[in-house]
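[1] Got a sequence here, can you model it:
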Amino acid sequence: MTTMTMTDKTIFERRESEARSYCRSFPNVFSSARNAVLRDESGRDYIDFLAGCSSLNYGHNDPDMKAALVDYITSDGVTHGLDMHTSSKSAFLKAFEEIILEPRGLDYKVQFTGPTGANAVEAAMKLARKVTGRTNIISFTNGFHGVTMGALAATGNGYHRGGASAPLSNVQRVPFDAYHGDEIDTAQMLEKMLDDPSSGIDTPAAIMLETVQGEGGLNAASAEWVKRIEEIARAHGALLIIDDIQAGCGRTGAFFSFEEMGVSPDIVTMAKSFSGFGLPFAAVLIKPEHDIWGPAEHNGTFRGNNHAFVTARVALEKFWKDGAFQQEVQAKGDYLKQRLEAIADMVPGARLKGRGMMRGVDVGTGEVAGEICKRCFQQGLIIETSGAHDEVVKILAPLTIEQDLLAKGLDILEAAVAEKFSAHKMAAE
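    Sure thing, here's the model as predicted:
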């Protein structure tokens, strides 16, 4: 009988940078994963409500993507080709054109950037400035666009901005939808400021937003507000950039988070689940008239990922060729909303946030949210927080999660909330 050798966890503290984060909340050593379940070295299973922070919308190790990737590797398919033509890139682009763009009436050129979402954002901001000849970008309170210097300038999070240790410039921040409450129209506020030559806001190259602010606390913009922002951008000759890195690839129900809002962004940034398999892969979708790059003007050694082209194509063909998967996701989103409304009712002053399968509960403080997530992990559920004060318990389960497993995970969350607030009530009495 073979004995499994357990990992010596001291190697992480001894050699891995202090920048590590998720492993501090979930300190186990995980060894395998399938769909919505992670298994650690001791053989214990955990329901995954984090899903690589929405990088695994189709779950861990989808069998069809895995088989296609293994076949590609064993047949000596091109692993690295800079941005040269490859058969895997051609197959992906054709699938993306036929399955995603054409049925939605969208016409975008696809720029493959370096493999991170932040790189896609950097490229989008850079291109908007090149197209318009302006430098200013408008972004929004609580927005999160990455932690490289340009993307970080557009990011609101003070902790991450503090890590720059240098000035962050050429971005002006304005209030997101309902930032001041439902009674104040922040789109109207932005319009007035841009119309006023003495407001201090320079005419922007672009206005950039997430329709649902993932790291910012699951703040979901209304379709009316997003359309108004597009109208303001058009009126001032600015491009509209939608950052769909976390909210895209079905997370809110449709493939793009904006496609049912009646808007037509000039630039869309994609990453996270775009590869379908959790592989590094990012891209910028650009309206053809704005694709004015010179060759290699925004490049990178790892622009494009041939292995990701293979899995991304399979994801499109498997999940998006008809409307069945989208209907399943929307049904799960409705169920999630119903369950979270009941959980929110257990917490004084709590409120439901988000859209589709990108939802959570604002429980008031980061301390409370952190304790709930800790209790969940003890009971076999991986779940994290978001928001300015980490006050939102955030659910990003794989879209492919089995219904019974989704229910079981929500049962764990509900029990953790009940335990926390019954203990709080007893202490108060």
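[2] can you map out the helices along the chain?
    Secondary structure of the chain (DSSP state H): helices at 10-15, 22-25, 51-54, 63-74, 87-95, 117-132, 149-153, 158-162, 186-195, 223-235, 306-319, 324-344, 366-378, 403-428.
[3] Report the distance from the third one to the chain centre.
    Put plainly, it is helix 51-54. Mean C-alpha position of helix 51-54 versus that of the full chain (C-alpha atoms, centre = their mean, to the nearest Å) differs by 8 Å.
[4] Could you pull up the mean pLDDT of it?
    When pLDDT is averaged over helix 51-54, the result is 97.
[5] let's number from 233 now, not from 1
    Noted, 233 is the first residue going forward, which turns the last one into helix 283-286.
[6] so who does Asp594 touch?
    By C-beta atoms under 8 Å, 6 or more residues apart in numbering, Asp594 lies in contact with Gly449, Ala582, Arg583, Leu584, Lys585, Gly619, Glu623, Val624. For the C-beta atoms, the positions are set from N, CA and C on the backbone; glycine is no exception.
[7] between the helices of the chain, which one is nearest to Ser264?
    Nearest to Ser264 among these is helix 295-306 (12.5 Å), distances taken as C-beta to C-beta.
[8] and the closest one, what does it pack onto?
    Taking 3 or more C-beta pairs under 8 Å, 6 or more residues apart in numbering; DSSP states H and E as the contact definition, the neighbouring helices and strands of helix 295-306 are helix 538-551.
[9] angle of the helix it packs on against helix 319-327?
    Counting by axes from the mean of the first three to the mean of the last three C-alpha atoms, to 10 degrees, helix 538-551 lies at 30 degrees to helix 319-327.
[10] picking that back up, may I see the helices of the chain organised as CSV, with distance to Ala486 and mean neighbour count added?
    Compiled in CSV, the helices of the chain are given as follows (distance: least, C-beta to C-beta, whole Å; neighbours: other C-beta atoms under 10 Å):
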stretch, distance to Ala486, mean neighbour count
helix 242-247, 39, 9
helix 254-257, 28, 12
helix 283-286, 15, 22
helix 295-306, 21, 15
helix 319-327, 18, 18
helix 349-364, 19, 24
helix 381-385, 25, 22
helix 390-394, 29, 10
helix 418-427, 22, 17
helix 455-467, 12, 18
helix 538-551, 12, 23
helix 556-576, 6, 16
helix 598-610, 28, 18
helix 635-660, 20, 15
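[11] between the ones you listed, which gets the lowest average pLDDT?
    Confidence, taken as mean pLDDT, is least for helix 635-660 of these (a mean of 86).
[12] Off-centre distance for it?
    Its chain's C-alpha centre and that of helix 635-660 lie 26 Å apart, by C-alpha atoms, centre = their mean.
[13] what do you get for stretch 580-598?
    Relative to the mean C-alpha coordinate of its chain, stretch 580-598 is positioned 17 Å out (C-alpha atoms, centre = their mean).
[14] end to end, how far does it reach?
    End-to-end distance for stretch 580-598, by C-alpha to C-alpha, to the nearest Å: 15 Å.
[15] Identify each buried residue in it, please.
    Residues 582, 584-596, 598 are the ones in stretch 580-598 that count as buried (16 or more other C-beta atoms under 10 Å).
[16] go on, stretch 516-527?
    For stretch 516-527, burial by neighbour count (16+ other C-beta under 10 Å) applies to Val516, Leu517, Ile518, Lys519, His522, Trp525.
[17] between the residues you listed, which is nearest Thr239?
    When the buried residues of stretch 516-527 are ranked by distance to Thr239 (C-beta to C-beta), Val516 comes first, at 38.1 Å.
[18] Test my guess that Phe328 contacts Val342.
    Yes - under the contact definition of C-beta atoms under 8 Å, Phe328 touches Val342, with a separation of 6.9 Å.
[19] Those two - which one has more neighbours?
    More crowded of Phe328 and Val342, by other C-beta atoms under 10 Å: Phe328, with 21 against 18.
[20] State the distance from the more buried one to Thr443.
    As judged by C-beta to C-beta, to the nearest Å, Phe328 and Thr443 stand 20 Å apart.
[21] repeat for Glu573
    The spacing between Glu573 and Thr443, counted by C-beta to C-beta, is 21 Å.
[22] same deal with Lys298?
    31 Å.
[23] How about Tyr340?
    In terms of C-beta to C-beta, Tyr340 sits 17 Å off from Thr443.
[24] Equivalent analysis for Arg607, please.
    Computed with C-beta to C-beta, the distance linking Arg607 and Thr443 is 31 Å.
[25] again, but for Cys255
    According to C-beta to C-beta, Cys255 stands 30 Å off from Thr443.
[26] Arg591 now?
    Arg591 is 14 Å from Thr443, where distance means C-beta to C-beta.
[27] One more: Ser401?
    As defined by C-beta to C-beta, Ser401 lies at a distance of 26 Å from Thr443.
[28] try Pro630
    Pro630 sits at a distance of 21 Å from Thr443 (criterion: C-beta to C-beta).
[29] Thr239 too?
    In this structure, Thr239 and Thr443 are 40 Å apart, going by C-beta to C-beta.
[30] more neighbours, those two?
    Set side by side, Thr239 and Thr443 give different neighbour counts by other C-beta under 10 Å, the larger being at Thr443 (27 against 14).
[31] ok, the nearest residue to that one once chain neighbours are set aside - contacts?
    In space, and not counting its chain neighbours, Thr443 is closest to Ser489: 4.4 Å by C-beta to C-beta, 6 or more residues apart in numbering. Ser489 sits next to Glu442, Thr443, Val444, Ile474, Asp476, Ala479, Gly480, Arg483, Arg587 when contact means C-beta under 8 Å, 6+ apart.
[32] Quick one: buried ones out of the residues you listed?
    In terms of neighbour count (16+ other C-beta under 10 Å), the buried residues within the contacts of Ser489 are Glu442, Thr443, Val444, Ile474, Asp476, Ala479, Gly480, Arg483, Arg587.
[33] Keep only those of those that are in strands.
    Using DSSP state E, the members of the buried ones among the contacts of Ser489 that fall in strands are Val444, Ile474, Arg587.
[34] what's the closest of those residues to Gly510?
    Of all these, Gly510 sits closest to Val444, with 20.7 Å by C-beta to C-beta.
[35] what bridges to that closest one?
    For Val444, the beta-bridge partners are Ala452 (DSSP bridges).
[36] show me what contacts it?
    Contact partners of Val444, counting by C-beta under 8 Å, 6+ apart, are Leu450, Asn451, Ala452, Ala453, Gln478, Ala479, Arg483, Thr484, Ser489, Gly586, Arg587, Met590.
[37] cutoff 10 Å now
    With contacts defined as C-beta atoms under 10 Å, 6 or more residues apart in numbering, the neighbours of Val444 are 450-453, 476, 478-479, 483-484, 489, 585-588, 590-591.
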